[in-house]
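Chemist: The following comprises the amino acid sequence and a computationally predicted model.
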Amino acid sequence: MEEKISGPLNGVKVLDFGQAVLGPTCGRLLADSGADVIKVEPLEGDFARLTPEPMVDSVTFMVTNLNKRSLSINLRDPRGKEIILKLVPKVDVIIQNFRPGAMKNLGFDYETLSQINPRLVYGSFYMYGETGPLARRRGGDMWAQAFTGLVASQGCPDGPPQMVGHTVIDFGGAIAASFAIMTALFFRERTGVGQEVSSNLVNVGVLLQWPAIAHYLVEALLYKKVGRGTARANFPYGPYKAKDGDVLTIFGQDQDEWVTVCSILGLEHLLQDPRYDTTEKRNERKYELYPILDEAFSKRTRTEWEQLFKEQKLRCDPCLDYAEFTAHPQFEANKLTVKVNDPREGQLNFPSIPVRFSRFPPPEVCNHAPVLGEHTKEILQELGYSAKEINQLNEEGVVGVPTPDMFKVKRTKKGTYGAGAMYRGGGRR
């Protein structure tokens, strides 16, 4: 039995056509805030469901699609399109992150649907944008990182460029998308008028690098690969490895702090070396100094360094891995997980959304990411379709309805899943 998630968006209905990461994550942010989000999927499912094992869903799909209902539908069939057009007058928001023109080709662009529902808030989110020489080029987080300068500014000066190891622009894009949709909903509440809002990964890549790009636009200062530390912080800012793991010290950036750091590390002799007697000299020769500080840090544990720095009113915090971070009391204090009772895998923990509302305590339990087509019957019944009509649409490949076996798929061992059943009216893959 699914729980009704309470929140400030109770009563708001969303059609989420989003695929992969950006669109679905935006949809989950709205769903976790109380909206009724219907995830519209092709008969084969959102490709983010894909795993090496057939008939199972990736963890990425699961975490970005909690609290939603799944409608599996063939949008190229006129009867499938008719179902969507029946839903449009009943919804407040549509989310889509296809290439420019894709929704228009289906007859589901904003201009068409706003004629049916003038109050509609329609969110369109792209890679490069709707216009321009690259508008129709294939997109994704890795290309956005590369195109917006993020990759070129990562890594060591004499080494190859490096990507950020997470899809930061995709998830940043989801936050921007939900902000745009919420703002448009607020405007609609005051005026009664809907509108289309849009963004793209290039714009979000700029947002995530505002200071760096502003420095170039204002001062012609070009951020380049700086290796350890950052382009704007003075040595010895950055991570070091202690006897039992990594630590992060962000101090020693001015002369007084440098003296204190050398004293803590037992490197007083560096204070007498004229090669390192100013901040500018230390920055220029930092790759000579890193091995010296590395050797010093390796002699004590993270806890010992943290205490020694604290005694001198400086910070030297550990770099936590995910196991350490999720076990930390602050993680629990921030209520950063929600429990999910998955029909196939039992109770799971997933990250919660980052915002809190004083009038709506964060739910401790979320609804599981839906099995493909799990709510197709339910949604069609809400539109007035009979059981006979739904069965016929399923048999003829217009919609997808899961078989009972689909709810029995189990994770056979960590990282893999067991086999499952195929959908009627089209394969799961």
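Modeler: Arrived safely, thanks for sending. Residues are numbered from 1 along each chain as shown.
Chemist: pLDDT weak spots in this protein?
Modeler: Along the chain, the model assigns pLDDT under 70 to residues 1, 52-55, 409-429.
Chemist: quick one: the strands in it?
Modeler: Ranges of strands in the chain, per DSSP state E, are 13-16, 36-41, 68-73, 93-96, 121-126, 195-200, 238-242, 245-249, 316-318, 337-342, 346-351, 365-366, 399-400.
Chemist: Name the residues that touch the first one?
Modeler: Which is strand 13-16. Applying Cβ atoms under 8 Å, 6 or more residues apart in numbering, the external contacts of strand 13-16 come out as 23-24, 26-27, 30-31, 35-40, 68, 84, 87-88, 90-95. Just so you know, the C-beta spots here come from the backbone N, C-alpha and C atoms, and that holds for glycine as well.
Chemist: Kindly report the same for the fifth one.
Modeler: With contacts defined as Cβ under 8 Å, 6+ apart, strand 121-126 is touched by 18, 22-23, 26, 92-97, 99-100, 103, 110, 113-114, 130, 135, 139, 173, 177, 180-181, 184-185, 188, 194-201.
Chemist: Okay, buried residues for it please.
Modeler: By neighbour count with 16 or more other Cβ atoms under 10 Å, strand 121-126 contains the buried residues 121, 122, 123, 124, 125, 126.
Chemist: If I take it and strand 195-200, what angle do their directions form?
Modeler: Put simply, strand 121-126 runs at 20 degrees to strand 195-200, going by axes from the mean of the first three to the mean of the last three Cα atoms, to 10 degrees.
Chemist: Could I get the CA-only coordinates of strand 121-126 as CSV?
Modeler: The C-alpha trace of strand 121-126 is given here as CSV (Å, rounded to 0.1, in the frame of the first residue of the first chain):
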residue,chain,number,x,y,z
VAL,A,121,3.6,25.0,-16.4
TYR,A,122,5.8,23.2,-19.0
GLY,A,123,9.4,22.5,-18.2
SER,A,124,11.8,21.9,-21.1
PHE,A,125,15.4,21.1,-20.3
TYR,A,126,18.0,20.5,-22.9
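Chemist: That strand - which strands sit beside it in the sheet, and in what orientation?
Modeler: Neighbouring strands of strand 121-126 in its sheet, by DSSP bridges, are strand 93-96 (parallel), strand 195-200 (parallel).
Chemist: How about the second one?
Modeler: Strand 36-41 has the following sheet partners, assigned by DSSP bridges: strand 13-16 (parallel), strand 68-73 (parallel).
Chemist: Now find how far off-centre it is within its chain.
Modeler: Here strand 36-41 is found 18 Å from its chain centre; the criterion is Cα atoms, centre = their mean, to the nearest Å.
Chemist: what's it in contact with?
Modeler: Taking contacts as Cβ under 8 Å, 6+ apart, the residues outside strand 36-41 that touch it are 12-18, 24, 27-28, 30-31, 46, 65, 67-73, 75, 84, 87, 91, 370, 372-373, 375, 379, 400.
Chemist: neighbours of residue 167, just the number please.
Modeler: Neighbours of residue 167 under the rule other Cβ atoms under 10 Å: 21.
Chemist: which residue sits closest to it in space, ignoring its chain neighbours?
Modeler: Counting by Cβ to Cβ, 6 or more residues apart in numbering, the nearest residue to residue 167 once its immediate chain neighbours are dropped is residue 141, at 4.1 Å.
Chemist: That neighbour - how many residues pack around it?
Modeler: Neighbour count of residue 141, defined by other Cβ under 10 Å: 24.
Chemist: got a list of what it touches?
Modeler: 21, 167, 168, 169, 170, 201.
Chemist: neighbours of residue 263, just the number please.
Modeler: Using other Cβ under 10 Å, residue 263 is surrounded by 13 other residues.
Chemist: From residue 92, how far out is it?
Modeler: Separation of residue 263 from residue 92 (Cβ to Cβ, to the nearest Å): 61 Å.
Chemist: sorry, back to before: now restrict the contacts of strand 36-41 to buried residues only.
Modeler: Neighbour-count burial (16+ other Cβ under 10 Å) is assigned, among those, to 12, 14-18, 24, 27-28, 30-31, 46, 65, 67-73, 75, 84, 87, 91, 370, 372-373, 375, 379, 400.
Chemist: Tell me if I'm right that residue 43 and residue 396 touch.
Modeler: No: using Cβ atoms under 8 Å, residue 43 is not in contact with residue 396; the gap is 11.4 Å.
Chemist: Of the two, give the one with the bigger neighbour count.
Modeler: Each of residue 43 and residue 396 has its neighbours counted (other Cβ under 10 Å); residue 43 has more, 23 against 12.
Chemist: Next one: the more buried one from residue 74, what distance?
Modeler: 6 Å.
Chemist: same check, this time on residue 325
Modeler: For residue 325, the distance to residue 74 equals 43 Å [Cβ to Cβ].
Chemist: Which one's more surrounded, those two?
Modeler: Taking other Cβ under 10 Å, residue 325 and residue 74 do not tie; residue 74 has more neighbours (21 against 13).
Chemist: So the more buried one sits against residue 393, correct?
Modeler: No: using Cβ under 8 Å, residue 74 makes no contact with residue 393, being 9.2 Å away.
Chemist: Now list whatever residues contact both of those two.
Modeler: Joint contacts of residue 74 and residue 393 (Cβ under 8 Å, 6+ apart) are residue 399.
Chemist: Name the stretch among the strands of the chain that sits most buried.
Modeler: Of all the strands of the chain, strand 399-400 has the most neighbours on average by mean count of other Cβ atoms under 10 Å, namely a mean of 28.
Chemist: what's that strand packed up against?
Modeler: Counting contacts by 3 or more Cβ pairs under 8 Å, 6 or more residues apart in numbering; DSSP states H and E, strand 399-400 is packed against strand 68-73, helix 376-382, helix 387-395.
Chemist: go with 6 Å
Modeler: Applying 3 or more Cβ pairs under 6 Å, 6 or more residues apart in numbering; DSSP states H and E, we find strand 399-400 packed against no helix or strand.
Chemist: roughly how far out does it sit from the chain middle?
Modeler: Strand 399-400 has its C-alpha centroid displaced from the chain centroid by 28 Å (Cα atoms, centre = their mean).
Chemist: try stretch 328-343
Modeler: Counting by Cα atoms, centre = their mean, stretch 328-343 comes out at 17 Å from the chain centroid.
Chemist: And the contacts of it?
Modeler: Residues outside stretch 328-343 that contact it (Cβ atoms under 6 Å, 6 or more residues apart in numbering) are 347, 348, 349, 350, 352, 362, 365, 366, 368, 407.
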